[in-house]
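In: take this sequence and fold it.
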Amino acid sequence: MWFPESVASVLQGVVEAFASPEEDLLLAGPRAGLSEGEGEEEDEDEIALRIAIEEWSARRSSARVPWEAALSQKDFLTTFRVTRPLYKYLLHEWEREQLADAWKARVHPADRQVLAALYYLGNSEPITSVAERFSMMPSTIHSVIMAFTNFLETLGDRYLSWPNAQEKIRCSEIVRQNGGLPGVFGALDAALIKIRAPAGDEKAHYIYKKVSTGLKCAVVMQFVVDAELLLRDVHLAAPSDANRASILQTSRLWELLHCTVAEETHLVAPAVYPLAPTIMIPYVGEQLSPQETTFNELHSEAFKLTRNAMTALKSRFRRLQLLDQKLTNIFKIISSTCILHNMAIMREGPEVLQDLQMSYRSDTDEDGWHALPQETISDFGILGGEEKRHYLTTVLP
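Out: Modelled structure (predicted):
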């Protein structure tokens, strides 16, 4: 690469002045102090300078054996939150689609980019720390992460889709064998993905609680999970969109469920959702018959799928326990991580979850689970729901 003499002299001085990855981060100047996803336009000289510095840094570090190469299979899993075979599959797809920028691919090989993105999603370290670990500048690591989320979203049609009739029947049999309600192929609920308070007027829409220490903000993630812990539908909203029933009615899932009233299979959901032929909610009241009590017990057993799914998702990808990004990036990170979760379940098998450290416990995180305003028992339903629930109750052993 050729540079004007003035730029070349600057580069030479930089090379002579710095000699460690920690100091590489200082070369980012004011950019290193920016919040994630932010930056200013660069002129041609600045871009050339950044490329040359990163090329030099990459050449200097390439002689060392990458630290992740020495990891055992188990340590690789606990570090990057996916198995090596899944990582290699992602790398193959990433290279095949050629989604990495040309200059970034030259400076930082594709495998380093994929590993860096996986590490970011699987850990809660600040982005500056991740950048230092992979010998990249914070602005570069941020670009890599967002490119990786864009790449994952291109795989969404393959890995996050509504189940067909055969898949529903197979999943309902799994639920029944595990002691759940007959005919249940999955469960519906919403969880909070906590975020740093957004800047500007958008903040008001994402506040879900005011406490003495400040404001708590989150994105509401409505989801359907099947018996194999695959996410079958995901819808993101703001807490200001009110309660779970209201959020359901604004999502595409509402129309999908409303138009499939004749199906034999159904979802289980809490009583804040409307009763429908495709949504079975528990009986509410103090005076329940023995059959209704049995229905509620089986319903509760099947509904554990929601907490199991969130425990697996937030434990595997610990970044989702608190996101510190711009809102547009937050939505992309959540949706793409859900796709990656499904890829892991489908390509690794559920037994891998036993080897991961479950750092998030959804059953004890009441504040990050259902803390939505105006939650009440649903007072409406869809025609046929009451009749179907009554039928299921009468045929239970």
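In: ends of stretch 115-130, how far apart?
Out: 11 Å (Cα to Cα, to the nearest Å).
In: got a list of contacts for that stretch?
Out: Here stretch 115-130 makes contact (Cβ atoms under 8 Å, 6 or more residues apart in numbering) with 25, 32, 36, 68, 79-82, 87, 90, 108, 133-134, 136, 138, 141-142, 144-145, 147-149, 316-319, 321-322, 333, 337, 340. Where you see a C-beta, it was placed from the backbone N, CA and C, and this is true even at glycine.
In: what about L230, neighbour count?
Out: Residue crowding around L230 was assessed by other Cβ atoms under 10 Å; the count is 22.
In: pretty sure it contacts M346?
Out: Yes. Under the criterion of Cβ atoms under 8 Å, L230 makes contact with M346 at 7.1 Å.
In: among the contacts of stretch 115-130, name the buried ones.
Out: 25, 36, 68, 79-82, 87, 90, 108, 133-134, 136, 138, 141-142, 144-145, 147-149, 316-319, 333, 337, 340 (16 or more other Cβ atoms under 10 Å).
In: any weak-confidence spans in the stretch 1-150 of the chain?
Out: Within the stretch 1-150 of the chain, the ranges that satisfy pLDDT under 70 run 1-65, 98-107.
In: please tell me how far the closest residue to S240 other than its chain neighbours sits from L215.
Out: Spatially, and ignoring its direct neighbours in sequence, S240 is nearest to H205 (4.3 Å; Cβ to Cβ, 6 or more residues apart in numbering). Distance of H205 to L215, computed by Cβ to Cβ, to the nearest Å: 12 Å.
In: would you mind giving the secondary structure of the spatially closest residue to A238 that is not a sequence neighbour?
Out: Distances taken as Cβ to Cβ, 6+ apart place H205 nearest to A238, at 4.2 Å, with adjacent residues excluded. Following DSSP: H, G, I helix; E, B strand; the rest coil, the label given to H205 is helix.
In: for the one 4 residues further on, same thing?
Out: Following three-state DSSP, the label given to K209 is strand.
In: tell me what it is bridged to.
Out: Beta-bridge pairing of K209 under DSSP bridges involves K216.
In: run a quick neighbour tally on it.
Out: When neighbours are counted by other Cβ under 10 Å, K209 comes out with 15.
In: how close does it sit to E375?
Out: 13 Å.
In: and for Y87?
Out: In terms of Cβ to Cβ, Y87 sits 40 Å off from E375.
In: check the gap between the spatially closest residue to A131 that is not a sequence neighbour and E351 for me.
Out: In this structure, A131 finds its nearest non-sequential neighbour in I141, 4.2 Å apart by Cβ to Cβ, 6+ apart. I141 sits 32 Å away from E351 when distances are taken as Cβ to Cβ.
In: if I look at T294, how far off is Q287?
Out: 15 Å.
In: what sits against E93?
Out: 151, 155.
In: ok, the residue lying closest to T294 once chain neighbours are set aside - how many residues close by?
Out: Leaving aside its chain neighbours, T294 sits nearest to L396 (5.4 Å; criterion: Cβ to Cβ, 6+ apart). By other Cβ under 10 Å, 14 other residues sit near L396.
In: swap in G349?
Out: 11.
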